[in-house]
Structure formats: structure tokens, C-alpha cells
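In: Here is the input, now give the coordinates:
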Amino acid sequence: MQNTQERTQANKERYLNELLEILRIPSVSADPAFADDVRKTAEFVQEKMNQAGVSHTKIYETAGHPIVYGEHLVDPALPTVLVYGHYDVQPPDPLNLWHSPPFEPVIKKTDLHPEGAIFARGACDDKGQMFMHIKAFESMNAAGELPCNLKFMIEGEEEVGSVNLGPFCKKYKEMLSCDVVLLSDTSIIANDVPSITIGLRGLSYIEVKVTGPNKDLHSGVYGGAVVNPINALTKMIASLHDENGRITIPEFYDDVQELSKEDRDEMAKAPFDIETYMKGLGVTELNGESGYEPRERTSIRPTLDVNGIWGGYIGEGAKTVLPSEAFAKISMRLVPYQTPEKITQLFQEHFEAIAPKGVKVEVFPHHGGQPAVTPTDTVEYKAASMALEKTFGRKPIPERSGGSIPIVSLFEEVFGVKSVLMGFGLNTDDIHSPNEHYGIFNYFKGIETIPYFYHYYAQEK
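Out: Residues are numbered from 1 along each chain as shown. As a prediction, the model looks like this:
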């Protein structure tokens, strides 16, 4: 009888082809036009769970997109792992910047991925990483080597804030009860430098609207006499940072956790080459908050960025118009112990206060999430560390991420358990950007490593 790893090797081609199949479904949760495709993807996930041998699966309806649940209970005496993932993806725009159609996956070799990488929206975030868990289970189950109970909760709204996940978790708390949550929606430092994410920034996401005159005006007839909402908005946004890169909103930094020199020195041990970093991004300069290195700015410090800005005429040719309205979308990444509720309120109060006379300002909060830090002295962290060391041949580095996964704090609040963030992507995989991709090496390294986590967790638990 083949063992788990032999099963994976024997089925590599099928495991890859099935991933390509799910990547062809445009499960864009933010756009109602793709609602049927989102549901089709949920049904695909359930089908593959069933084929993998998960003993019970069900699609649960929510007020938005459905959640796919599965469970395979081996023995009540064994520990239970809840696997979380999401099957929805970011919108692929701007389409003109993709080298190949976003929902027609292609495999290409790159400098970082000599074995090939899959280019498609959702390849890394999170279809590829979510699908690893189903395939790892399939190999273990077929080999009869599953050492713990498994539950799967795969949602379709992570990219729009997981607004219905909280109510679902609370309603089905008993069904979802577990000893630890395992998710792979994060990255490693490099393919030869494994790491485990132990910190995530929180998020406050906001849309603003600035209104001036009651209609678009001729810029020659009225320009100079009426406040231009775009001019006002851009000045307001520019004022949100000072010359040192610090955010100017009063009380914004009051709750920020300052890391010790020892902790910052430990972070600095991870390999990082600033020239390679800039070259990969196609930039010649970096900026940010004074007194902090680039990796610190993107992980342990809060930020404020404009994610989109529009207003007036943006079509072909010229139209000399003074617009009635201007808009922007703004995200603020938060660190312990900031809360999205407080930061959203501080932003709104400040943005309304700095509005010039002659315009009306409206602030519309969207989704947010709490920052999270996971300890490194737990059974689950040690199991993840041993699993990565087993497959990579070196001990993983604990790392804080600049991204946000709000559901990590939700799981701790509702289930009273910690999460293990054992991802296999790279920061260079262009998630949320055109030409998102995921290395074939990384996909199969995940399928190889996940079974060892279960083995060591059950052994240590």
C-alpha cells in the first residue's frame, strides 16, 4: 500500500490539472455579475472534497456567497483541526496589464520558479493554497494515515471582508469546534527560506466622497470661482502624511505597540536585499515612516494608502469640466493594539474637520479587521515548525506579515483557539495584482508538508 507521499507523487498530474480547472472559474465575489461563477466554484470545492473521501460535506447558504463545510472524524479522542480557506478571488482589473487572460491559467518558467508557475487570478490567493489542503487530505486518507479529525470551512467572501463568516461561526459554533485552525493564506520568505507568519496587521477600509457644485460645470466659465472637489480631495489626502511619513490623524498612534530593540533585531535576521527588492518592483527609491526599515514599515507599523481615486472626465480626448463630485478609497493597515472601530472614527472626524469651505465630505466605512499575533511556544506552532523543517531541510523563521486576515481574531474570539498560518506563497506572486501566479514547487511543497503538520500535532498534542 502506498504511503501519503507516494500517493501524492502518483497523482501529481491530476492534482495539478484539478487546480487549473478551478482557476478557470471567475469567482469574483465583489462583482454581482459573477455570482453564478462564485456558486459554481463552491460546488466544485464540495465535489472535490467528496472525491477526496471527506465523509460529510454541505454547502451552507449565507446572506451573501455560500460556505462549503466538510468533516472527517476519525476518533473523538484525537485532536481536531479546522482548515480554513477561501475560494473567491479579487477582481482581475486592469485587464490590459495581464500577460495572459486572468482566468485562462498558463504555466511559465521564471527566475524564481524554474519548475514553472501558474499564472491566473486566484492561483496563490487563495485557490492554490486552499486546494493544497484538500489534496493533502486525499493522499493521507487514501493511505490510511490520517492521525486526527479534520474539518473544512471554505468561504466565498474573504476578498469582500468575510461579512457573513462571523454570524456563521457563531451559529454553528458546536459543529465547528476544534483544537486549532490551520490556514494557508500567507507566504514564506523564499523557496529555500521557510517561514511561519506569526503576526498580521488589522484593517480599516474607507470610501470618501467630496461634493462641490450641484452639477458638473464648464471649467472656463466657473473655474477659479467654485471649489473643485478633485482639487480639494487631493489636498486633503496629501495632508494625511507629514514630511517624515507619519500619519497626521490626531491620536492615530496612541495604541500602537512599539517593538523592543531585541524583537526588531530578531526580525532583521531574515534575509533581505534592498536592491533586489527595488528591482523586482521596478522602483528606484523607497519611502515611508522615518526611523524604520522597509520590512518594518510593511509589518510592524501602521499605514494609510489611497487604493483608488476618481472624479470628473476620464474618457478619451478632452472635456473641460469642473466636476461636481470626487471619490477615493483608502485603506489603513493597523498593528496591535489598534482597533478598526477606533481608527475609522478618528479618520472620519479628522477628514471632515480638514474639509475646505465650499465642499461637502461624506465618509463611508467598508470592512475592517483586528490585528493578530500568534505565540511561538504552542503545540500547534511547534508542529508547523517541525513540518516545515522536515520538508525544507531548515527550521522556519517566525515572521510578521503586512497583510490582514481579519478572521484570525474572529476564530480566537468564537472558538477560543489559536490559528496556524502556514502559507507557501511568495511575496513576489503578485496577489491582488495583474499576473498573479503560484509556483508549482510551492503548490506541491504545501501538499507534502501539510500531512507532517497533522502527524506532529497529533503526536505533540
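In: From now on I want contacts and neighbour counts done on CA atoms only, so please keep to that.
Out: Fine.
In: Let's test this: mean pLDDT of the lengthiest helix in the chain, rounded?
Out: Scanning the chain for the helix with the most residues, using DSSP state H, yields helix 440-460. In this model, helix 440-460 has an average pLDDT of 97.
In: now for it, which elements pack on it?
Out: When contacts are defined as 3 or more CA pairs under 8 Å, 6 or more residues apart in numbering; DSSP states H and E, helix 440-460 sits against helix 4-10, helix 127-143, helix 379-392.
In: most packed of those?
Out: helix 127-143 (a mean of 24; mean count of other CA atoms under 10 Å).
In: So which elements touch that one?
Out: Other elements packing on helix 127-143 under the criterion 3+ CA pairs under 8 Å, 6+ apart are helix 4-10, helix 12-23, helix 35-52, strand 80-86, helix 440-460.
In: most packed of the ones you listed?
Out: Mean neighbour counts were taken over the helices and strands packed on helix 127-143 using mean count of other CA under 10 Å, and the top value, a mean of 24, falls to strand 80-86.
In: Just give the strands next to it in its sheet, each with its orientation.
Out: The pairing partners recorded for strand 80-86 under DSSP bridges are strand 149-155 (parallel), strand 180-183 (parallel).
In: CA-only coordinates of the one helix or strand residue 399 maps to, as CSV, when you get a sec.
Out: Using DSSP states H and E, residue 399 maps to strand 397-400. Only the C-alpha atoms of strand 397-400 are listed here, as CSV (Å, rounded to 0.1, in the frame of the first residue of the first chain):
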residue,chain,number,x,y,z
ILE,A,397,11.7,31.8,10.6
PRO,A,398,8.8,33.3,12.5
GLU,A,399,7.7,36.4,10.5
ARG,A,400,5.2,39.2,10.8
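In: any idea how far residue 287 is from residue 162?
Out: Using CA to CA, to the nearest Å, one gets 32 Å for the distance from residue 287 to residue 162.
In: neighbour count winner among those two?
Out: The neighbour count for residue 287 versus residue 162, taken as other CA atoms under 10 Å, is higher for residue 162 (21 against 10).
In: now that one: how far from residue 34?
Out: Taken as CA to CA, the spacing of residue 162 relative to residue 34 amounts to 17 Å.
In: try residue 436
Out: Per CA to CA, residue 436 is found 19 Å from residue 34.
In: next one: residue 363
Out: Relative to residue 34, residue 363 is positioned 28 Å away (criterion: CA to CA).
In: Which of these two has more residues huddled nearby?
Out: Set residue 363 next to residue 34 and count neighbours by other CA under 10 Å: residue 363 wins out with 20 against 16.
In: that older thread, how about the helices and strands packed on helix 440-460, which one is nearest residue 54?
Out: With distances scored as CA to CA, the stretch of those nearest to residue 54 is helix 127-143 (8.2 Å).
In: could you list every residue that touches residue 424?
Out: Under the criterion of CA atoms under 8 Å, 6 or more residues apart in numbering, the neighbours of residue 424 are 129, 184, 186, 187, 188, 442, 443, 445, 446.
In: And the furthest pair within those?
Out: That would be 186 and 445, which, of these, are the farthest apart (CA to CA) at 14.1 Å.
In: Now do stretch 381-399, average pLDDT.
Out: The model assigns stretch 381-399 a mean pLDDT of 96.
In: How far off centre is it?
Out: On the basis of CA atoms, centre = their mean, to the nearest Å, stretch 381-399 is displaced by 22 Å from the centre of the chain it belongs to.
In: Please apply the same query to stretch 76-85.
Out: The chain centroid and the centroid of stretch 76-85 are separated by 22 Å under CA atoms, centre = their mean.
In: same thing with stretch 238-248?
Out: 26 Å.
In: Going by neighbour count, list what's buried in it.
Out: Neighbour counts using 16 or more other CA atoms under 10 Å place 240, 241, 246, 247 of stretch 238-248 among the buried residues.
In: any idea which of the residues you listed is closest to residue 76?
Out: When the buried residues of stretch 238-248 are compared against residue 76 (criterion: CA to CA), the nearest one is residue 247, at 51.0 Å.
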